[in-house]
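Asks: sequence plus predicted model, see below.
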Amino acid sequence: MNDYWCIPPKENAEFVAAMEDILDIYEMPYDPSLPVVCMDEKPYQRLGETREPLPMRPGDDQKMDSEYIREGTCSIFIFTEPLRGWCCSHVRKTRTALDWAEEIKYLLTECYPGNEKIILVMDNLNTHVIGSLYKKYPAQEAHSYARRLEIHYTPKHGSWLNIAEIELNVMTRQCLARRLDSIAAIQLELAAWERIRNEDCEKVAWQFTTPQARTKLISLYPKYEESKE
């Protein structure tokens, strides 16, 4: 059996610089006027039933046929503010630059309309750039959104540093680990999960710090020889 991991490169200055930047962000105290929001997205396979599942009975699991129908794929976007205990998710047909731009507009105008600046943590997918805003909106509008974003990218092969990915894993286990055949059905389930998650105010207390990284992940840091005077 193979075990798949996201293996970071050794002795890579670019990786550790981005990692330490993210770790510094996570050490910041909670400030509602300058929220730290993490963003991620994932593809999801829509699946339908070939036969109607058998009704559930007391003390027994629901039984469904092993065959299924592939109904296509979609993309799930999620934003989470770890120190506030808040998340927001949407389902889209695609994951293009225009989709990302629309999600950013929703984040800024609907979720944080009164904040002058938002710290946004995400991976460096090619659509996750300010230019995507200019592809979707007129320059004046795109600029108004861009100036409110302070973007920090996780390093390549460093997805474990994105708290939104952790939230996606929780979502998958609690909500998406079954067959859902339409975007409407997925969005309905996510809305219910999101409501409970936010009511419970599930916060994330990040524990891993830069000093710990310099000790435990020493192999990732470039090695230097002390110069001799």
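Replies: Yep, it's here.

Asks: now the helices for the chain?
Replies: For the chain, the helices defined by DSSP state H occupy 13-26, 97-106, 130-136, 139-146, 163-171, 183-199, 210-216.

Asks: indicate which one of the ones you listed is closest to H152.
Replies: helix 13-26 (5.6 Å; CB to CB). Every C-beta, even on glycine, is put in place using the N, C-alpha and C of the backbone.

Asks: list the contacts of that closest one.
Replies: Applying CB atoms under 8 Å, 6 or more residues apart in numbering, the contact partners of helix 13-26 are 8-9, 36, 82, 119, 121, 152-158, 161, 163, 206, 208-210, 213, 217, 220-222.

Asks: now do 6 Å
Replies: 8-9, 36, 152, 154-155, 158, 161, 206, 210, 220-222 (CB atoms under 6 Å, 6 or more residues apart in numbering).

Asks: what's the most distant pair in those residues?
Replies: V36 and P222 (28.0 Å).

Asks: out of the two, which sits in the more crowded spot?
Replies: More neighbours surround V36 than the other of V36 and P222, with 22 against 10 (other CB atoms under 10 Å).

Asks: check the gap between the closest residue to that one other than its chain neighbours and R148 for me.
Replies: Leaving aside its sequence neighbours, V36 sits nearest to I119 (CB to CB, 6 or more residues apart in numbering; 4.6 Å). Distance, I119 to R148, by CB to CB, to the nearest Å: 11 Å.

Asks: bridging residues for the residue nearest to T94 when sequence neighbours are not counted?
Replies: Nearest residue to T94 in three dimensions, chain neighbours excluded: S75, at 6.3 Å (CB to CB, 6+ apart). Here S75 shows beta-bridge partners P43, R92, assigned using DSSP bridges.
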